[in-house]
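Engineer: prediction below, plus the sequence it came from.
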Amino acid sequence: MPDHAEPTQSTPPSADAAAGARASRRPVEAVLFDFHGTLAQVEDPHDWVLAAARACGVSLERMRATALADRLLTAGRPGGPLPARVPPALAELWSERDLYPHAHRGAYTGLAETVDAGIDGLADALYERVLVAEGWVPYPDTAPTLAALRSAGVKVAVVSNIGFDIRPFFAAWGLDALVDAFVLSYEVGRCKPDPAIFWRACGMLGVDAERALMVGDTAADAGAVRAGCAVLVLPEAEPGRPNGLGSVLDLALPG
């Protein structure tokens with residue numbers, strides 16, 4: 001460039017171009033939510049073990065409960081984390097855990113039984129804790145996010161890979177009226193990331209997949225892209241801590 005030449009100025013986008021960019025945003029008529037790690041989290045591991053032990057008539061000291069919780073988490077807990085190793089004897093149950101209630105219970109009680117806790121019935125008590133609303137903690141943004149979507153007329157489904165019914169949890173939390181459909185793997189015979197489970201959810205809501213947003217925290221949830229849905233993946237957070245769920249409103253509601 002000659003010394004006297006003026007540097008090239010970039011041309012700011014025109015108002016029409018900016019409007020076109022905004023108009024290209026996909027309209028959202030429905031939001032599909034994962035359950036665990038997205039709308040709710042299992043209770044603190046220490047509390048989980050203490051509650052299960054009490055159900056067995058045993059009061060644990062804090063140090064013993066903490067040590068036992070660490071071992072049980074390594075073995076594998078319903079709601080996570082996944083087991084470090086699945087014993088061969090449990091492999092078939094494990095592979096079918098989200099398709100059949102008996103397989104879900106059998107897999108997770110079997111994993112808990114690999115830990116010698118010295119408490120009769122603890123494995124079953126640990127599993128029973130996951131079947132009640134008290135064993136879960138909704139994220140702080142769950143209720144206000146669902147309420148805002150309801151107010152805006154956006155339909156909502158909960159799509160979960162799970163081996164038991166979570167509808168009673170939402171009823172206990174006063175959130176059941178904010179969910180239009182529950183699409184649970186053990187009921188529909190499909191697990192995420194299979195596109196069929198997302199298509200089923202959209203069909204139950206009466207919306208096209210191209211107008212649905214799937215919100216989750218794992219690669220399995222992101223599999224909704226193959227079904228034609230838009231996807232938002234959020235970080236899993238500890239019980240009671242915000243996980244960014246409110247950002248769904250920025251994508252789903254008109255600006």
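Structural biologist: Alright, I've got the coordinates.

Engineer: G76 and G118, how far apart?
Structural biologist: Using C-beta to C-beta, to the nearest Å, G76 is found at 19 Å from G118. (Each C-beta comes from the backbone N, C-alpha and C, glycine too.)

Engineer: when these two are compared, which one has more neighbours?
Structural biologist: Residue environment comparison for G76 versus G118 gives the larger neighbour count to G76, 22 against 9, counting by other C-beta atoms under 10 Å.

Engineer: pretty sure the more buried one sits against L90.
Structural biologist: No: with contact defined as C-beta atoms under 8 Å, G76 and L90 do not form a contacting pair (9.3 Å).

Engineer: mutual contacts of these two, please.
Structural biologist: With contacts defined as C-beta atoms under 8 Å, 6 or more residues apart in numbering, the residues shared by G76 and L90 are L111.

Engineer: can you count the residues close to the residue nearest to M214 when sequence neighbours are not counted?
Structural biologist: Counting by C-beta to C-beta, 6 or more residues apart in numbering, the nearest residue to M214 once its immediate chain neighbours are dropped is A224, at 3.5 Å. The local packing of A224 (other C-beta under 10 Å) involves 29 other residues.

Engineer: what about A224, which SS state?
Structural biologist: Following DSSP: H, G, I helix; E, B strand; the rest coil, A224 is assigned to helix.

Engineer: tell me who's in contact with it.
Structural biologist: With C-beta under 8 Å, 6+ apart as the criterion, the residues that contact A224 are L32, K192, P193, P195, F198, A209, A212, M214, G216, V231.

Engineer: correct me, but the fourth one touches A222?
Structural biologist: No: in this structure, P195 is not within contact of A222 by C-beta under 8 Å, at 11.9 Å.

Engineer: for V31, what are its contacts?
Structural biologist: The neighbourhood of V31, defined by C-beta under 8 Å, 6+ apart, consists of L149, V154, K155, V156, A157, A212, L213, M214, V215, V248, A252.

Engineer: ok, so of the residues you listed, who is nearest H46?
Structural biologist: Ranking the contacts of V31 by separation from H46, with C-beta to C-beta as the measure, puts V215 on top at 28.9 Å.

Engineer: and the strand or helix carrying that closest one, which strands flank it?
Structural biologist: The secondary structure element spanning V215 is strand 212-216 (assigned by DSSP states H and E). Neighbouring strands of strand 212-216 in its sheet, by DSSP bridges, are strand 30-33 (parallel), strand 230-233 (parallel).

Engineer: got the domain boundaries for the protein?
Structural biologist: Described in terms of automatic domain parsing, the domain architecture of the chain consists of the residue ranges 18-39+139-252, 43-135.

Engineer: good, we can wrap up now.
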